[in-house]
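1. Structure of the sequence below:
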Amino acid sequence: MDDVRKQLRDAAAEHRPDRERMLARVERGMERDAVDQLGAASRGRPRRPAPWLRIAGATAAVAGVFALGGYAVASLVQGEDPPPSTVGTPAAPDSPAGPSPSASTPDDENAGPSAPAEPAQPSGKATKGTPGKDAAPDTKRPPKKSDPPPSTRRLAPDAKSVEDGYLWSDGSVDPQSNDFWAQSTLTFKTGEPLTALSVELRVAQTGGVADTGNWRSLPADDFTVSVREEGDELVYRWTLKAGRTVPEGEHVFAGQYNHAEGGRDAGEDTYAAEATASGRKAAVRGDFARTS
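-> Next comes the predicted model:
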């Protein structure tokens, strides 16, 4: 294959077309056409197409043959296939149905660039400013003015005694308290099992009072416990969980806290409790002895 390409390359390089010979043949053909035209005119026959048209066509054909031949030789020498030829086709006439959707009209040209289409809204979602078909209604309501939640309501506000029916109570400061720390102890006695019980201890803020812990003699899992600051008081609260009971007997609740250095006066501290036994309610309230 390499020898064939080399021979073709050499032949193409040495080839020189004989232009004089080709022009001479064209001139002889033109002379024959002139004679034929004159003879046809003398005999009344229709004239054939002008000889120059035929000559131009013949010349173009010869040039095309040489061009294609040279291109084919070059392709073979270079070892490449000629690219596929394309044939131009005239544009189709306009359809009577009007321009295609992609064609531009004068109105489109004067209208400027079209605005991008808005994205479709997901189904079930509300558009801006308009509630959606499946959108959930707004269930928010302004808070109603009502009594404070039970967790912040003072227990037994109307109780005036440390004893009420089956419930008895007492409040004291643990003797182990010192100049920096103290424990307030609440003792309750009940003559009946309790199905509900809430106990509250309020320690006045006398300076540096801060929670350090709390405990109860009853099971810890039976109660929910909260410690919070409310005004000038540190408030402990124990609440018996639903379905739990407190057996009859004596029970202790205690709150522990730090305070400013020195002896602390517990005279402003208070406690309270509310209980239920056999459907009967009881409420007690008390305070602590003032330090002299």
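2. So residue 228 sits against residue 203, correct?
-> No: because the distance of 11.6 Å does not satisfy C-beta atoms under 8 Å, residue 228 is recorded as not touching residue 203. C-beta coordinates here come from the backbone N, C-alpha and C atoms, glycine included.
3. These two - which one has more neighbours?
-> For residue 228 versus residue 203, the count of surrounding residues by other C-beta atoms under 10 Å is larger for residue 203: 26 against 12.
4. which strands and helices sit next to the helix or strand harbouring the more buried one?
-> When secondary structure is defined using DSSP states H and E, the element that contains residue 203 is strand 196-204. Applying 3 or more C-beta pairs under 8 Å, 6 or more residues apart in numbering; DSSP states H and E, we find strand 196-204 packed against strand 181-190, strand 233-240, strand 249-258, strand 270-277.
5. Need these in JSON lines (columns: mean neighbour count).
-> Supplementary listing: the helices and strands packed on strand 196-204 in JSON lines, determined by neighbours: other C-beta atoms under 10 Å:
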{"stretch": "strand 181-190", "mean neighbour count": "20"}
{"stretch": "strand 233-240", "mean neighbour count": "21"}
{"stretch": "strand 249-258", "mean neighbour count": "18"}
{"stretch": "strand 270-277", "mean neighbour count": "22"}
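6. mind putting the ones you listed in CSV, distance to residue 165 and mean pLDDT included?
-> As requested, the helices and strands packed on strand 196-204 are arranged in CSV below (distance: least, C-beta to C-beta, whole Å; pLDDT from 0 to 100):
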stretch, distance to residue 165, mean pLDDT
strand 181-190, 10, 98
strand 233-240, 18, 98
strand 249-258, 16, 98
strand 270-277, 8, 98
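7. Of all the ones you listed, which one comes closest to residue 160?
-> When those are ranked by proximity to residue 160, the top entry is strand 270-277, at 10.9 Å, counting by C-beta to C-beta.
8. Identify the residues contacting the closest one?
-> 154-157, 159, 166-167, 169, 171, 184, 186, 188, 190, 192-202, 246, 281-288 (C-beta atoms under 8 Å, 6 or more residues apart in numbering).
9. Now do that strand and strand 249-258, the angle between them.
-> Here strand 270-277 runs at an angle of 150 degrees relative to strand 249-258 (axes from the mean of the first three to the mean of the last three C-alpha atoms, to 10 degrees).
10. after strand 270-277 comes which helix or strand?
-> On the C-terminal side of strand 270-277, the nearest following helix or strand under DSSP H and E is strand 280-287.
11. CA-only coordinates of that following strand, as CSV, when you get a sec.
-> Extracted in CSV, the C-alpha atoms of strand 280-287 (Å, rounded to 0.1, in the frame of the first residue of the first chain):
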residue,chain,number,x,y,z
ARG,A,280,-61.8,15.4,100.4
LYS,A,281,-59.3,18.3,100.0
ALA,A,282,-57.1,19.8,102.6
ALA,A,283,-54.7,22.8,102.5
VAL,A,284,-52.1,24.0,105.0
ARG,A,285,-49.7,27.0,105.2
GLY,A,286,-46.9,27.9,107.6
ASP,A,287,-43.6,29.8,108.0
